[in-house]
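> Predicted model and sequence below, questions to follow.
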Amino acid sequence: MTANSRCSAAEPPGLETQRREIESLLRECELRAGDSWYVVEHRWFEQWKEFVETGDQNSSSFPGQIDNVELFEDLDSYHLKERLVENEDFILVPAEAWHKLLAWYGVVDGQPALERKVVDLPSTLKVEVYPVEIFLCLHSNMENVITAQFSRADNIQSIQRVMCQAFSAPPGSECRLWMKSSDSNCERLRNVQMSVLDACLSSGMTVIMETRNADGTWPSSRPQIMRNSAEDQDSYQGQPGVCGLTNLGNTCFMNSALQCLSNTPPLTEYFLQSSYLEELNFTNPLGMKGEIAEAYADVIKQMWSGRHYSVVPRVFKTKVGHFASQFLGYQQHDSQELLSFLLDGLHEDLNRVKNKEYIELRDADGRPDQEVAEEAWRNHRRRNDSVIVDTFHGLFKSTLVCPECHKVSVTFDPFCYLSVPLPVSKERVMEVFFVSLDPYAKPVQHRVVVPKAGKVSDLCSALSEMTNIPPEQMVVADVFNHRFYKIYNADESLSCILDRDDIFVYELSVPEEQQEDQVLLALYLRERSHYRDYGSGSSSYGTALFGHPLLLGVPRSSCSQEALYNLFLQRLARYVRPPDPSEELEEEEEEEDDDEEELYKTQTNGISDDEQQEDAEKAGPSQTEPCCGDASANGRPDGTAAAEPLPDLNRKRPSLDRGDPETGNGAQNQPEPPCGADTITADGPNPRGASSGTTDAGPEPPAERTPQACETPGEEREEDKQEEACSPSPPANEQQAKRRACRKRRKSLFTIQAVNSNGTTERGMGEGGSAVSFSSQPYVAIDWDPEMKKRFYNENEAEKYVKHASMEVPQQQMTVQLQECIELFTTVETLEEENPWYCPVCKKHQLATKKLDLWSLPEVLIIHLKRFSYTKFTREKLDSIVDFPLRDLDFSGCLLRKNPTNGEPPSRYDLIAVSNHYGGLRDGHYTSYAKNKDNGQWYYFDDSKVTYAREDQIVTNAAYVLFYHRQDKIRKPTLPAPNTSPANDATSSRDDNAELGAAPYVTMETD
Ligand SMILES: [Zn+2]
């Protein structure tokens, strides 16, 4: 085998040099428009960092080739998955750094380099990880659609150029472009100088091109689908305010926030009456020169005109993007963040204070709260005076106490919304795969409840209750890309495990003889390929990991190559078919010299890496503790025994069925005749007994073998022999036998190779004899030739798994009262280390206690439920149901101000709008419920779609931001509530809508 004789194009420099070079490139490289950057998978990069920081060239942290596999939607198109997050899923490296890494490590075969350009967008420079992907077609033939990618910085003209070329428009012909969004509004792209960003073209939209007819007319003038919504004068007279908002590409967060604000009566009336015109503040440096306010006013006026089913908030979105680069549509955003930005932007654009005076804040210094609060509010109003302050601002009291000198500091601060925490469950639900010892049992997916602050051992205990397997017989591992990303210690914190990790728990057998030493062995599957990867810094060229890795306990005495071979065959029995006696199994081997070394090597069961053969072998019998790095610390030396079975499954979304079952099984197609292998055959494939030494017979386990086989006395005897055989200097008279043995062994289904934790062959292993000893290297790979794999490895079966009943039980939802959240908001807390308070008495930073109290509340109170929880260790979305009242939310009990002065408004509120978030941390959809101020009816707004809603639908675990209106300010609806029974479609006079009548609620979607 030549597995080790790699030839690498560029021998990488030392690790320290690598680290320095890459780090300085990352540190010093600035974004420049037009430059190329490259996307690299975060995990790979982290592994590399660990390698160069802690490793030596032989380290098990060797990262192998650059592997971006987790970033791709599939391996055909190599499209990036949606919504990948920088520094979490990937990192960006400048071109120079990429080229160095590429030269040193290579990239996994077939993967394209992910080159991305820096684009110059208003107020920001960004690497455009996701260019805009647009469909292009001709008006005359809308069936013929092509896909093209553009940068947001490209202009419309460049799209036109691409289209003229792609559709072979006659030179000189006059063209017009239209854009069509997902809900099929069409709009002319008049200004060809406008950028893709400003035109709000986003992925998934279609651009249609038409060319002027010879008679001077335009094809689109014929009545067809080219209705321009802006010019569309359909005289729809619906209920003002009941109007959808077109999704401009991941803009549902914006639409949701806009609908809530649109249904906030005092604000909307302010804009509808054009009061804002007198208050636009063009000079406020904190504002947006009035542009946000004007764009907002424009949207509100359209929505309340009663003339539209849906409005396209394009200009508004563009303005928001210009002023807050974080909202420049790459990914989903947070409706609450947008709301916060928008309220602030509107406030500054409409601030009646033209020149802000500097006001020094005074501490309370023991003065009465009332006095300090009034002073604070007065000061706030002197600098901030707008419809936003009038409507949304309240005041809370913040009390800090120094733990050392007990200095009390009181301040009163304005707020625009309350961010209230949700009680965090102390428990956590985890989904894990349990891999039993029974080789014929498929892995079972379980859902277990564990303490959030628990340890890995708690996970094992929870799983033990379902499986009746003692927790001490389990090892927990994170499987990633067919290998172990991490094998956990029992006492490691569960917070190390993220919900998206693929966690496998392996059952280990109990050693029969207590005194027997066990090795915890990690087993990988690899397939050889017939070509080399040039430029790879790895010696692993020519093999690719596949299938599911396995952890198994092996008695130290069973670590000979042969014993392992048999053991693996048993463990893999569910999907590795042992050869049938009539089948030939020769394996092609390149090195064919028969000198003693060779012999020796093969004898040991053939494993692969020639040079290291000897080592592995020696090491074999003398293993040390249960290894696996982490696992050894596990205090689980028992894990073990010989013959466990092994199931397995596919890491990412294991599929229950794959298209081609049985790929591997059965077929009698023979492998190509071995070329180099003189040998073989004579004895037939089943060598048992063929010669004295033979036991080694890798290939021997015939189908009938039971999993227990290797525990039989016979087997042990064989092992003994094997060990003998392995001894460095076999007696001369055994030579012959050995040679024969070795030939037979050639017929193995696979060979066994010591590898590092990444599944790559150890660097340096092949070089001196000493290399890595098995004891420090408890990872092995079994290497398959593609042909053998095809015949004997049943991929379909290997991927199977079953779901435990616990997966079917609906997860019960925690319900909490809104009042509890508000109480949590006002609970005393101790400041965190990262955010201490400077005590003016002690003259140093202190971890003070802090208490917030509500002092005064605004007319419209926005309550943000903090569902997204980020701590040092965890990131999660809390999906508890928060039970909030639709009417009579009463704050009188929790307002600090006990003696309301005269004219003090009551503190009871009714709900007017809710922004909802569905989905998880990184993706999801926003919608809203809101009550129309004119008719008192609730509606559900889902982008361009609007439906009637009932009050009992509003409280769900999706509720994210709540809008409450103080009762004394609420005006009675001026119109009767519409009849919402399905029979009555008064509001839906528009019946070109297919959904009409079908749904219980009337739909008013735009075309
Ligand atoms: Zn102090």
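Structure's in. What do you need?

> right, and Leu339 touches Leu261 too?
Yes. Using C-beta atoms under 8 Å, Leu339 is in contact with Leu261, at 7.4 Å. Just so you know, the C-beta spots here come from the backbone N, C-alpha and C atoms, and that holds for glycine as well.

> Close to the ion: what parts of the stretch 801-950 of the chain are there?
Contact residues, the stretch 801-950 of the chain versus the ion (C-beta under 5 Å from the ion): Cys839, Val841, Cys842.

> Ser305: which of those is nearest?
Ser305 has its nearest neighbour among these in Cys839, at 56.7 Å by C-beta to C-beta.

> The closest one touches Val408, doesn't it?
No. If you go by C-beta under 8 Å, Cys839 and Val408 don't touch, sitting 10.6 Å apart.

> joint contacts of those two?
Common neighbours of Cys839 and Val408, using C-beta atoms under 8 Å, 6 or more residues apart in numbering, are Cys402.

> Looking at the two, which has the bigger crowd around it?
Taking neighbours as other C-beta atoms under 10 Å, Cys839 and Val408 compare with Cys839 leading, 20 against 15.

> Name the spans of the stretch 801-950 of the chain whose pLDDT lies under the cut-off.
Flagging of the stretch 801-950 of the chain using pLDDT under 70 yields the residue ranges 871-875, 898-905, 922.

> hmm, 90 instead?
Applying pLDDT under 90 to the stretch 801-950 of the chain flags the ranges 806, 808-815, 829-836, 868-880, 891-907, 919-925, 944.

> ok, which stretches of it are helices?
Listed in chain order, the helices of the stretch 801-950 of the chain (DSSP state H, counting those that start in this stretch) span 818-825.

> And the stretch 201-350 of the chain, by the same measure?
Using DSSP H, counting those that start in this stretch, helices in the stretch 201-350 of the chain cover 252-262, 265-272, 276-279, 291-303, 314-323, 335-349.

> Residue of the stretch 651-800 of the chain nearest the ion, please.
Proximity of the stretch 651-800 of the chain to the ion (C-beta to the ion) peaks at Ser757, 49.8 Å away.

> Hmm, that residue is touching Ala522, no?
Yes. Contact between Ser757 and Ala522 holds when scored by C-beta under 8 Å: they sit 7.4 Å apart.

> shared neighbours, those two?
In contact with both Ser757 and Ala522: Phe484, Tyr779, using C-beta under 8 Å, 6+ apart.

> more crowded one of those two?
Neighbours were tallied for Ser757 and for Ala522 using other C-beta under 10 Å; the higher tally belongs to Ala522 (26 against 23).

> residues contacting the more buried one?
Going by C-beta under 8 Å, 6+ apart, Ala522 touches Phe484, Ile487, Pro549, Leu550, Leu551, Cys628, Ser757, Pro778, Tyr779, Val780.

> For the closest residue to Thr927 other than its chain neighbours, name its beta-bridge partners.
Leaving aside its chain neighbours, Thr927 sits nearest to Asp942 (4.5 Å; criterion: C-beta to C-beta, 6 or more residues apart in numbering). Bridge pairing for Asp942 (DSSP bridges) gives the partners Lys945.

> And the average pLDDT for stretch 112-120 is what?
Computed over stretch 112-120, the mean pLDDT rounds to 88.

> List the contacts of that stretch.
With contact meaning C-beta under 8 Å, 6+ apart, stretch 112-120 is reached by 31-40, 68, 71, 78, 80, 92, 95, 98, 102, 107, 125-129, 131, 151-153.

> if you set the cut-off to 10 Å instead, what comes out?
Residues from elsewhere that reach stretch 112-120 (C-beta atoms under 10 Å, 6 or more residues apart in numbering): 30-41, 66, 68, 71-72, 78, 80, 90, 92, 94-95, 98-99, 102, 107, 125-131, 151-154, 195-197.

> and these, which of them are in helices?
Within these, residues falling in helices by DSSP state H are Ala95, Trp98, His99, Leu102.

> now, among these, which is nearest to Arg526?
Leu102 (22.8 Å).

> distance of the closest one from the ion?
Taking C-beta to the ion, to the nearest Å as the measure, Leu102 falls 56 Å from the ion.

> pretty sure that residue contacts Ile22?
No. Between Leu102 and Ile22 there is no contact under C-beta atoms under 10 Å: 11.8 Å.

> Could you check which of these two has the larger neighbour count?
It is Ile22, of Leu102 and Ile22, that has more neighbours when counted by other C-beta under 10 Å, with 22 against 18.

> right, and the secondary structure at that one would be what?
helix (DSSP: H, G, I helix; E, B strand; the rest coil).

> Need the per-residue pLDDT for the closest residue to it other than its chain neighbours.
Excluding its sequence neighbours, the residue lying closest to Ile22 (C-beta to C-beta, 6+ apart) is Ala97, at 5.2 Å. Looking at Ala97, its pLDDT reads 94.

> so how many other residues sit close to Lys851?
Lys851: 14 surrounding residues under other C-beta under 10 Å.

> hey, what's it bridged with?
Counting by DSSP bridges, Lys851 is bridged to Thr399.

> Many thanks, I have nothing further to ask.
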